[in-house]
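Engineer: Generate a structure from the sequence data that follows.
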Amino acid sequence: MDVITWTGELACHLQAAHRMGREEFAGRLGVHPQTVAGWHARPGIVPRPDMQAALDTLYEKAPAPVRLRFARLAQPPADTAAQALRVAIAVVGRGAEVLLVQRRDDGALRWQFPAGIVKPGGSSEAVAIRETHNETGVHCAVREALGERVHPVSGALCGYYLAEYLAGDATNLDAAENASVAWVPVASLTRFIPPDRIYRPVLDALGVAA
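Structural biologist: Have a look, this model is predicted:
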């Protein structure tokens with residue numbers, strides 16, 4: 001899709017499409033992270049001309065999967081007001097193990113819980129279940145909502161859902177996005193994801209000491 005004028009909302013969609021944290025996205029654009037934070041806080045703001053050009057360049061150089069994600073994110077229903085990016089995260093347990101995916105994150109590999117973007121009017125629980133299956137082949141059911149927070153890296157509003165394993169083999173079904181999928185011992189979780197990146201109620205629900 002062609003962008004005539006970048007807004008704070010569209011810039012945030014580009015950040016999400018790249019799967020970049022706030023500081024990394026700011027670095028790619030050559031701006032201070034507070035500038036990106038301002039776009040999240042004021043989605044209707046129109047960045048200055050030099051920022052428009054920088055966003056154009058980052059978008060034009062993006063690989064096809066990133067551009068496709070951006071196009072999907074940037075086309076909400078016409079009557080829906082702009083809102084903060086929402087993400088549903090599934091914490092799927094199976095006995096003493098928890099399900100993780102290893103993201104291809106702008107050249108780096110990072111372990112995360114399965115997650116998906118919630119479109120305006122969508123169900124976060126449904127997204128958590130669907131994206132888990134689409135990414136890993138694992139069927140799960142949400143047991144309880146663990147709460148929401150603004151993610152310290154991405155700035156997205158994240159909802160966390162504790163889910164139980166129902167069926168399916170853990171398989172990497174989205175090789176374009178993920179390098180691997182694995183059941184990880186709960187006791188070893190913080191070896192895969194730094195504890196300061198994990199939402200405290202998730203650690204509590206899994207019985208992991210920070």
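Engineer: could you point out where the protein is predicted with low confidence?
Structural biologist: Residue ranges of the chain with pLDDT under 70: 1, 76-84, 106-107, 210.
Engineer: mind redoing it with 80?
Structural biologist: Residues of the chain meeting the criterion pLDDT under 80: 1-2, 75-84, 105-108, 152-155, 209-210.
Engineer: hey, where'd the strands end up in it?
Structural biologist: 86-94, 97-105, 108-112, 115-118, 139-150, 157-167, 178-185 (DSSP state E).
Engineer: Of those, which is nearest Ala37?
Structural biologist: strand 139-150 (9.9 Å; C-beta to C-beta). Backbone N, C-alpha and C define where each C-beta goes, glycine included.
Engineer: Show residues contacting that closest one.
Structural biologist: 84, 90-92, 99, 125, 128-129, 132-133, 156-168, 199, 201-202, 205 (C-beta atoms under 8 Å, 6 or more residues apart in numbering).
Engineer: Just the buried ones from these?
Structural biologist: Using 16 or more other C-beta atoms under 10 Å as the burial test, the contacts of strand 139-150 include 90-92, 99, 125, 128-129, 132-133, 156-163, 165, 199, 201-202, 205 as buried.
Engineer: In stretch 51-63, which residues are buried?
Structural biologist: Neighbour-count burial for stretch 51-63, counted by 16+ other C-beta under 10 Å, picks out 51-52, 54-55, 58-59, 62.
Engineer: And stretch 22-31, by the same measure?
Structural biologist: So for stretch 22-31, counting by 16+ other C-beta under 10 Å, buried means 22, 24-26, 28-29, 31.
Engineer: Rebuild those as JSON lines, extending it with distance to Ile4.
Structural biologist: Formatted as JSON lines, these follow (distance: C-beta to C-beta, whole Å):
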{"residue": "Arg22", "distance to Ile4": "25"}
{"residue": "Glu24", "distance to Ile4": "26"}
{"residue": "Phe25", "distance to Ile4": "21"}
{"residue": "Ala26", "distance to Ile4": "23"}
{"residue": "Arg28", "distance to Ile4": "22"}
{"residue": "Leu29", "distance to Ile4": "19"}
{"residue": "Val31", "distance to Ile4": "21"}
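Engineer: Nice, that's everything, thank you.
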